[in-house]
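J.: the following block contains a protein sequence and its predicted model.
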Amino acid sequence: MAQEDVFKKIVSHCKEYGFVFPSSEVYDGLGAVYDYGQYGVELKNNIRKYWWDSMTLLHENVVGIDSAIFMHPSIWKASGHVDAFNDPLIDNKDSKKRYRADVLVEEYLAKIDEKIEKEVEKAARRYGGAFDEAQFRSTNTRVLEQQSRREAVHARFAKALNESDFEELRQIILDAEIVCPVSGTRNWTEVRQFNLMFATDMGSTSEGAMKIYLRPETAQGIFVNFLNVQKTGRMKIPFGIAQTGKAFRNEIVARQFIFRMREFEQMEMQFFVRPGEEMEWFNKWKAVRLAWHKALGLGDAKYRYHDHDKLAHYANAATDIEFEMPFGFKEVEGIHSRTDFDLSQHEKYSGKKMQYFDPELGQSYTPYVIETSIGLDRMFLSIISGSYTEETLGSGESRVVLKLPPALAPVKLAVLPLVKKDGLPEKAEDIVNMLRFDFRCQYDEKDSIGKRYRRQDAIGTPYCITIDHDTLNDGKVTIRFRDTMEQERASIGKLHEIIAEKVSMKNLLKKIND
Ligand code: GAP
């Protein structure tokens, strides 16, 4: 099935099964804003908890905060967001559609990559076991041509971005003959800068009102609280401050479902280190964060690092962790070495010292910062995409199953009486009452057992527990495993242990350290 079709199916699955709804749907929706439904919110909470616990339980020098969304407007001046938080936009004069100029070029480069990979796959099929991939890549003329075209465009693109040269950016689009996907023409406007922050007024009188911004990142709430936490927590460098919360960006092109939203949630951690030690910590956090992703078991090949061509105004190194979404490898998390830029800027703009006295060195300095920044919604999308599976069963039937990491599944077990009589519902309810304090359980007695299994598969429930007439005599139930569909008899007394083994967050967290 084409990847576009898979993506469409995922989007409709999310809606049909109560994961994600378009916001304000009864009013025809609001661009790039989404609501999470009854299962979506549970999955989201579980992802957030996985992140939070990995940061604050596994690292004793990382603590959390929850800062306000509204902040003093000078913060955004100091951080550079008022002047520099812009995207280069370009319009197609025929379709009147607006695009991010950099994204148009990135998509063009990704298409060249795809062509190269297709050539390699084709040759691998043709030559079978005798295929030498490295040799093919370095000698095949079609691959070499594509590769050199890619390198040439990429070099110009990186330079144009770094120098904020928008004329050159437009010229690259023209030279590469990139067309508008809607009109199919190359009738492009100039490239212009567009600030992504949402502004509003605080205060009730027009004279007293102050223009404030909805935060475009949670990180600044951490920077301005750096000394509060350091002093009250008696934190010693190196240490980190973690935070999760909403962020807002007036994205030019808000597409691809919850991948690029105007209101979204971030999970960010700023790690404060001695100047000069930042690259060591940058590499360490890169590895720690990748291990966090891989522990979910969606497949190691689905992740890769991508170093930034253009560094943000605050960074001296930056890498993305990308996940293979149905629409290609895409950024899910950024790891940035932010130097002392933010703290120094806040010191300058607020007039308050932002320094740390290092007792071991006997001197004060402005710490350097390594940031790990992940979008919760993007993580959600990567997990759903990596879990969505369509299977044809032996019977000729098919099923859609979300093979979610069990610890993140919204519902951990469904308890299903085989029939709605003979004391089976009562027994099932006893089991729910026994397990509900530790696991999110769902009781379901409606429809055939097959249909009930399918419903649970579709929301990713790892276990279905079926109560039948034998249960009343032998105290045993049937456990059905989501991924294999295998069934096993087990005594009611053993249920807690069997379920906990797979769904516990603790076991997932332990994997990160393995
Ligand atoms: N504090 C640094 C920072 O905000 P970023 O690369 O702009 O860096 C970090 O954003 C992460 O936030 C991204 O990797 C992505 O997962 C998420 N993110 C950014 N913009 C987003 C959007 N419009 N919709 C959903 N997630 C977004």
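T.: Structure's in. What do you need?
J.: what's opposite residue 201 in the beta bridge?
T.: Assessed by DSSP bridges, residue 201 has beta-bridge partners residue 211.
J.: now it: how far from the ligand?
T.: As for residue 201, its distance to the ligand is 24 Å (criterion: C-beta to the nearest ligand atom, to the nearest Å). For the C-beta atoms, the positions are set from N, CA and C on the backbone; glycine is no exception.
J.: residue contacts, that residue?
T.: Applying C-beta atoms under 8 Å, 6 or more residues apart in numbering, we find residue 201 in contact with 209-212.
J.: ok, these vs the ligand, which is closest?
T.: When the contacts of residue 201 are ranked by distance to the ligand (C-beta to the nearest ligand atom), residue 212 comes first, at 18.6 Å.
J.: and for the closest residue in space to the closest one that isn't next to it in sequence, the neighbour number?
T.: Counting by C-beta to C-beta, 6 or more residues apart in numbering, residue 212 lies nearest to residue 202, which is 4.8 Å off, once chain neighbours are set aside. Using other C-beta atoms under 10 Å, residue 202 has 11 neighbouring residues.
J.: likewise residue 423?
T.: Residues contacting residue 423 under the criterion other C-beta under 10 Å number 12.
J.: next: residue 483.
T.: Residues within reach of residue 483, counting by other C-beta under 10 Å, total 14.
J.: what is the helix or strand containing residue 124 packed up against?
T.: Using DSSP states H and E, residue 124 falls within helix 101-127. Other elements packing on helix 101-127 under the criterion 3 or more C-beta pairs under 8 Å, 6 or more residues apart in numbering; DSSP states H and E are strand 86-91, helix 133-139, helix 141-162, helix 166-175.
J.: 10 Å instead?
T.: Under the contact criterion of 3 or more C-beta pairs under 10 Å, 6 or more residues apart in numbering; DSSP states H and E, helix 101-127 touches strand 86-91, strand 98-100, helix 133-139, helix 141-162, helix 166-175, strand 328-339.
J.: report the buried residues of it.
T.: Using 16 or more other C-beta atoms under 10 Å as the test for burial, helix 101-127 gives 101-105, 108-109, 112, 115-116, 119-120, 123.
J.: repeat that for stretch 480-488.
T.: Using 16+ other C-beta under 10 Å as the test for burial, stretch 480-488 gives 480, 482.
J.: ok, residues contacting that stretch?
T.: The contact list for stretch 480-488, computed with C-beta atoms under 10 Å, 6 or more residues apart in numbering, reads 389, 391, 393-394, 399, 401-404, 406, 409, 414, 416, 449, 453, 456-457, 460-466, 476-479, 498, 502.
J.: and stretch 494-501, by the same measure?
T.: The contact list for stretch 494-501 (C-beta under 10 Å, 6+ apart) reads 406, 412-413, 415, 431, 434-435, 438-439, 441, 462-463, 465, 476-477, 479, 481, 488, 490-491, 506-507.
J.: now which of those residues would you call buried?
T.: With burial judged by 16+ other C-beta under 10 Å, the buried subset of the contacts of stretch 494-501 is 406, 412-413, 415, 431, 435, 439, 441, 462-463, 465, 476-477, 479.
J.: so where is this structure shaky, pLDDT-wise?
T.: Scanning the chain for pLDDT under 70 picks out 1, 206, 514.
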